[in-house]
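Novice: give me a 3D structure for the following:
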Amino acid sequence: MTIEFRQVNEDNFKECVGLSVRDDQPFVATNIKSLAQAAINPEAVPRAIYADGTMVGFLMYIVDRGSGELYLWRFMIDQRYQGKGYGTASLGLLERMARAEPGIVRIKLSTEPSNSNGIKVYSSVGFVDTGLLEDDEEVFIKELR
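Specialist: Next up, the predicted model:
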């Protein structure tokens, strides 16, 4: 499986905002909301996730060199593609990208405590629950160095 992150543009915008999660995942923000937030936050990097040329998900991150963190702000795999390893593979690619960024020493994310599937995936690739809450979400860290 080949995973790549591509810029969201005029050609793939409609497909990206059409991605959705299952009804039991109401805590995942819509991609249209994320793209709107990216439009007013110049540090946000929104990307469509492709697996072997097919759009399967979306993520958005911020690189904060001051804190040495890559913050994974949004992450979703479309309901049609969940459970196929795309989330794990995408996090692996994100980690490789973070390791290539000068000064980045960790990846940080936060998620709803009820996101048991997401927490399982994050834990399986080495994220550790810090025990902290930010905006009522559990904070997870993966140290890179």
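
Novice: neighbours around Glu4, how many?
Specialist: Applying other CB atoms under 10 Å, we find 13 residues neighbouring Glu4. (Glycine included, C-beta is placed from N, CA and C.)

Novice: touching, it and Ala48? I think so.
Specialist: No. At 9.2 Å, Glu4 does not count as touching Ala48 under the criterion of CB atoms under 8 Å.

Novice: tell me the buried residues in the strand or helix carrying Asn117?
Specialist: In the assignment (DSSP states H and E), Asn117 maps to helix 116-124. By 16 or more other CB atoms under 10 Å, the buried positions in helix 116-124 come out as Asn117, Gly118, Ile119, Val121, Tyr122.

Novice: swap in stretch 86-103?
Specialist: Quick answer for stretch 86-103 (16+ other CB under 10 Å): Tyr86, Gly87, Ala89, Ser90, Leu91, Leu93, Leu94, Glu95, Met97, Ala98.

Novice: check contacts around Val21.
Specialist: Val28, Met76, Ile77, Asp78, Gln79, Gln82 (CB atoms under 8 Å, 6 or more residues apart in numbering).

Novice: do you know how far the fourth one is from Val17?
Specialist: Read it as Asp78. According to CB to CB, to the nearest Å, Asp78 and Val17 sit 11 Å apart.
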